[in-house]
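Engineer: Fold the following.
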Amino acid sequence: EVQLVESGGGLVQPGGSLRLSCAASGLTFSNWAMSWVRQAPGKGLEWVSGMANEGGITGYTDSTKGRFTISRDNAKNTLYLQMNSLKPEDTAVYYCAAGYYYSLKYWGKGTLVTVST
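Structural biologist: Purely as a prediction, here's the structure:
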């Protein structure tokens with residue numbers, strides 16, 4: 001059974017930082033491109049960032065470029081998202097998913113990020 005378990009969410013003030021982690025099991029992690037997807041309250045899913053299976057290729061949605069950094073450790077089967085200069089509009093549930101862009105096969109249950117004073 002494939003499991004993707006996100007952690008690291010929480011409440012942070014505008015301008016602050018958080019680092020999300022996604023621990024993967026039940027799949028050959030190094031064979032999969034991985035992505036972060038978010039869903040803001042009352043809105044649809046938005047692909048945030050993705051990384052190729054060996055880490056060489058990355059992508060970001062325009063609103064996160066220069067502020068978010070995706071990375072992975074294939075030895076630890078873990079995906080990360082470093083989020084800096086957070087804004088209230090970054091408030092969302094963040095999901096880890098196996099795949100790239102909207103071609104996503106496996107999903108975690110999400111971790112809530114709230115950016116507020």
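
Engineer: partners of the helix or strand hosting Arg72 in the sheet?
Structural biologist: Element membership for Arg72, per DSSP states H and E: strand 68-73. For strand 68-73, the paired strands and their directions (DSSP bridges) are strand 78-83 (antiparallel).

Engineer: and the strand it pairs with, which residues are buried?
Structural biologist: Of all the residues in strand 78-83, those buried under the rule 16 or more other CB atoms under 10 Å are 78-81, 83. Glycine gets a C-beta too; all of them are placed from N, C-alpha and C.

Engineer: can you give me how far the least confident helix or strand in the chain by mean pLDDT is from the chain middle?
Structural biologist: Using mean pLDDT, DSSP states H and E, the weakest-scoring helix or strand in the chain turns out to be strand 58-60, at a mean of 92. Computed by CA atoms, centre = their mean, to the nearest Å, the chain-centroid distance of strand 58-60 equals 11 Å.

Engineer: Give the partner strands of that strand in its sheet and their orientations.
Structural biologist: For strand 58-60, the paired strands and their directions (DSSP bridges) are strand 45-51 (antiparallel).

Engineer: Please spell out which residues along the host helix or strand of Ser35 are buried.
Structural biologist: Here Ser35 sits within strand 34-39, counting by DSSP H and E. Neighbour-count burial for strand 34-39 flags 34-38 (criterion: 16+ other CB under 10 Å).

Engineer: Does Asn53 touch Leu27 like I think?
Structural biologist: No: using CB atoms under 8 Å, Asn53 is not in contact with Leu27, being 11.1 Å away.
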